[in-house]
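Novice: Take a look and give me a structure for this.
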Amino acid sequence: MEDLTAATLFAALVLGFALGLRHATDADHVVAVSTIVGQSSNIFRSALIGAFWGIGHTTTLFIMGILVIIFRVSIPERMALFLEFLVGIMLVVLGWLVLRDQVRRVGAYLARRLHVHEHLHNAEGEHIHFHDPEEAHRAAPAARTPGRAIVIGMVHGLAGSAALMLLVLATIPSPLAGLVYILIFGVGSIAGMLLLSGVIGLPFALTAQYSQTLNEGIRIVAGTVSIVLGLLVMYEIGVVEGLFL
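Specialist: The predicted structure follows:
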């Protein structure tokens, strides 16, 4: 009987890791991380962004796991829906930040082309000359801190905690095993998003090296997709699922 229990627990943990890997590929996760990965031209840095997302995601799940599994705190259905709705809001904000950054980049580019200073020696000996203030008008890069990826992961972790807790409570025999399951699930999601972010970052890195126009274009696409998906999530949760009805 003990061997059967151990085998069942091991199978559950293996399943948890596999589910964590798959969980990283959810559309809202991929789109959200893409809005940050798109700001980087380094594949290794892109992969790290995904890992930081996974760390934030796992942190939230583990905290919620302690509350639910050990302290038996329940997650009301409307609260679970609100957390899902929060993901939609976050996707819209992330997409808007990307598009805003692109507008600023275009503005800075036009400013460099239109803003010209005269510096010539005239008849009176005054010194005036032309120069292109390339550095003075360079657009400030968008923030690419690990902190943003961690926060995004934590929001996704909150949104997915209710369903995961139901699964854990239904299949795991003890509180300790439940927390270990969540950690294994989290490791799977970290590994999955690390690999996926590296793949997502590849076209951004390549176009940054060879075609700035194409690079700008796919950033705009990423931002637009994030806004559209966010609005769809908000509609699905707020109207179809009845959060605000």
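
Novice: Show the low-confidence segments of this structure, by residue range.
Specialist: Residue ranges of the chain with pLDDT under 70: 1-5, 113-145, 162, 165-167, 169-171.

Novice: Break down it into its helices, ranges please.
Specialist: Ranges of helices in the chain, per DSSP state H, are 2-23, 27-37, 43-65, 77-114, 146-171, 175-210, 212-235.

Novice: Just send those helices back as JSON lines, with distance to Phe244 and mean neighbour count too.
Specialist: C-beta: built from backbone N, CA, C; applies to glycine. Below are those laid out as JSON lines (distance: least, CB to CB, whole Å; neighbours: other CB atoms under 10 Å):
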{"stretch": "helix 2-23", "distance to Phe244": "27", "mean neighbour count": "15"}
{"stretch": "helix 27-37", "distance to Phe244": "20", "mean neighbour count": "24"}
{"stretch": "helix 43-65", "distance to Phe244": "24", "mean neighbour count": "22"}
{"stretch": "helix 77-114", "distance to Phe244": "9", "mean neighbour count": "17"}
{"stretch": "helix 146-171", "distance to Phe244": "17", "mean neighbour count": "20"}
{"stretch": "helix 175-210", "distance to Phe244": "30", "mean neighbour count": "20"}
{"stretch": "helix 212-235", "distance to Phe244": "10", "mean neighbour count": "17"}
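
Novice: how far away is Ile36 from Val68?
Specialist: Between Ile36 and Val68 the computed distance is 29 Å (CB to CB, to the nearest Å).

Novice: possible to save the helices of the chain as TSV with distance to Leu245?
Specialist: Shown next, in TSV, are the helices of the chain (distance: least, CB to CB, whole Å):
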stretch	distance to Leu245
helix 2-23	29
helix 27-37	22
helix 43-65	26
helix 77-114	11
helix 146-171	19
helix 175-210	32
helix 212-235	12
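
Novice: For Gly242, find the nearest of these.
Specialist: Ranking these by proximity to Gly242 (CB to CB) places helix 77-114 first, at 7.8 Å.

Novice: helices or strands next to the closest one in the packing?
Specialist: Other elements packing on helix 77-114 under the criterion 3 or more CB pairs under 8 Å, 6 or more residues apart in numbering; DSSP states H and E are helix 27-37, helix 146-171, helix 212-235.

Novice: Tell me which residue is most central in the protein.
Specialist: Centroid-nearest residue in the chain, with CA atoms, centre = their mean: Val33, separated by 2.8 Å.

Novice: In this structure it contacts Ile49, no?
Specialist: Yes: using CB atoms under 8 Å, Val33 is in contact with Ile49, at 6.5 Å.

Novice: Would you mind listing the residues touching both of the two?
Specialist: Common contacts of Val33 and Ile49, defined by CB atoms under 8 Å, 6 or more residues apart in numbering, comprise Ala149, Ser197.
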